[in-house]
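Asks: sequence and predicted model, in that order:
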Amino acid sequence: MASFPLLPCVGFASLFSSVAMSVVVSLFFSAVVSPVACASAQPVELGTEEFRSLRCATYGTGTVYFAGEGEIHARGGEGVDGLLFRVVGVDIARCLQDVEGRWWLLSRELTFYLDPVTREVLHRWTNPVTKESLPVMHNANPYQAMPLAPRIAAVRDGGVTTLALDIRSRIPNPEFGRPKFADHLPWPVFDSFESYAFTFVKGSKGEGSKAHLRFNRVGPWLPWMKLGNRAGDLIYTLTAYKTESYDALPTVLRDAMEKRVPLYQEAPTCILQGQATNSWMLFPQRFHSYLAGETFPLPAPLSSDACTLQTN
């Protein structure tokens with residue numbers, strides 16, 4: 001994995017509850033981060049163009065990848081505690097501008113759950129409470145869209161820019177109360193907290209920026225774990241790096257993207273209004289395949305995005 005400087009100075013902004021994912025998405029890129037003062041760093045305000053060139057492709061609108069590895073731990077669950085999985089994943093993104101001049105971050109997500117000891121990709125997992133063998137539903141989210149804020153606060157020390165964003169999201173569960181999902185989606189609201197800490201290192205003339213991301217998350221049991229409303233939650237920690245080179249991705253990801261999910265080789269090319277998803281929303285759509293014991297991620301061939309918003 002690529003190595004980049006650790007965060008020299010980071011500030012955090014807390015984003016509190018919302019009632020819909022669209023609100024959370026808007027809050028994410030409208031956050032004003034309050035930088036922590038550092039002796040050699042200065043607070044700065046990033047405009048959309050500068051943040052876009054750091055977060056997405058430095059030049060143009062090509063695909064950029066944030067690939068990383070990490071762990072998922074269980075906390076507070078009776079019979080379900082400690083390190084459950086190692087993970088390897090990638091965010092596949094590009095920035096596009098709509099006809100009104102607003103920039104959007106468009107992305108797909110692909111994450112594999114690994115055996116915590118052997119680090120092999122898991123396809124079955126034994127529920128430690130019921131001892132039931134269950135299909136592992138690796139996270140394959142085909143579309144996300146987030147508008148970029150006109151300005152984002154950060155701190156800068158020479159060529160290193162750091163910023164951090166905290167997100168508290170509360171998303172209503174449309175399947176709440178349906179008996180067939182009682183063991184998988186028992187909550188009236190999907191409640192989670194995420195923290196993103198970015199370090200961007202500006203490249204020399206003609207080179208793209210490099211970046212390091214530290215991601216932390218606290219959220220409910222994954223639906224496929226079939227733990228119902230049992231007490232406890234999951235803690236995610238992940239370290240990722242930015243690359244514009246597909247060949248720099250971990251082998252396990254490239255193998256899947258070439259043989260099973262070629263759609264995930266490139267970021268979306270259109271702004272699809274109202275199509276953003278997450279793993280909880282996708283679970284009901286894939287429930288039949290889950291019950292049938294199919295292998296995840298499900299095949300995702302190349303396809304053309306059907307635009308609903310025009311882009312420049």
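Replies: Perfect, thanks for sending it.

Asks: would you list every one of the strands in the stretch 1-150 of the chain?
Replies: Here the stretch 1-150 of the chain has its strands, by DSSP state E, counting those that start in this stretch, at 42-47, 64-77, 80-97, 103-114, 124-126, 133-135, 139-147.

Asks: which non-adjacent residue is nearest Arg214?
Replies: Ala197 (4.4 Å; Cβ to Cβ, 6 or more residues apart in numbering). No exception for glycine: its C-beta is placed from N, CA and C like everyone else's.

Asks: Ala240 versus the one you found, what's the distance?
Replies: Here Ala197 is placed at a distance of 11 Å from Ala240 (Cβ to Cβ, to the nearest Å).

Asks: Lys202 too?
Replies: When distance is defined by Cβ to Cβ, Lys202 is 18 Å away from Ala240.

Asks: of those two, give the one with the bigger neighbour count.
Replies: Ala240 (23 against 17; other Cβ atoms under 10 Å).

Asks: Gly68 is in contact with the more buried one, correct?
Replies: Yes - Ala240 is within contact range of Gly68, at 2.8 Å (criterion: Cβ atoms under 8 Å).

Asks: what's the overlap in contacts for these two?
Replies: Any residue near both Ala240 and Gly68 by Cβ atoms under 8 Å, 6 or more residues apart in numbering counts here, and that gives 89, 213, 215.

Asks: these into a markdown table, with extra columns for pLDDT and distance to Glu175?
Replies: Shown next, in a markdown table, are these (pLDDT from 0 to 100; distance: Cβ to Cβ, whole Å):
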| residue | pLDDT | distance to Glu175 |
| --- | --- | --- |
| Gly89 | 98 | 25 |
| Leu213 | 96 | 31 |
| Phe215 | 97 | 27 |
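
Asks: now, which of these sits nearest Ser303?
Replies: Among the shared contacts of Ala240 and Gly68, Gly89 lies closest to Ser303 (Cβ to Cβ), at 21.5 Å.

Asks: can you name the residues that contact that closest one?
Replies: By Cβ under 8 Å, 6+ apart, the neighbours of Gly89 are 67-69, 109-112, 139, 238, 240, 253.

Asks: buried ones among the residues you listed?
Replies: With burial judged by 16 or more other Cβ atoms under 10 Å, the buried subset of those is 67-69, 109-112, 139, 238, 240, 253.

Asks: out of those, who's nearest Pro147?
Replies: Scanning those for proximity to Pro147, where the rule is Cβ to Cβ, the winner is Glu109, at 18.0 Å.

Asks: now do stretch 155-170, average pLDDT.
Replies: The average pLDDT within stretch 155-170 is 91.

Asks: that stretch: which residues count as buried?
Replies: Those would be 155-156, 160-170, for stretch 155-170 by 16+ other Cβ under 10 Å.

Asks: between these, which is closest to Glu49?
Replies: For those, the nearest to Glu49 is Thr161 (13.8 Å; Cβ to Cβ).

Asks: Pro43 is in contact with that closest one, correct?
Replies: No - Thr161 is beyond contact range of Pro43, at 10.9 Å (criterion: Cβ under 8 Å).
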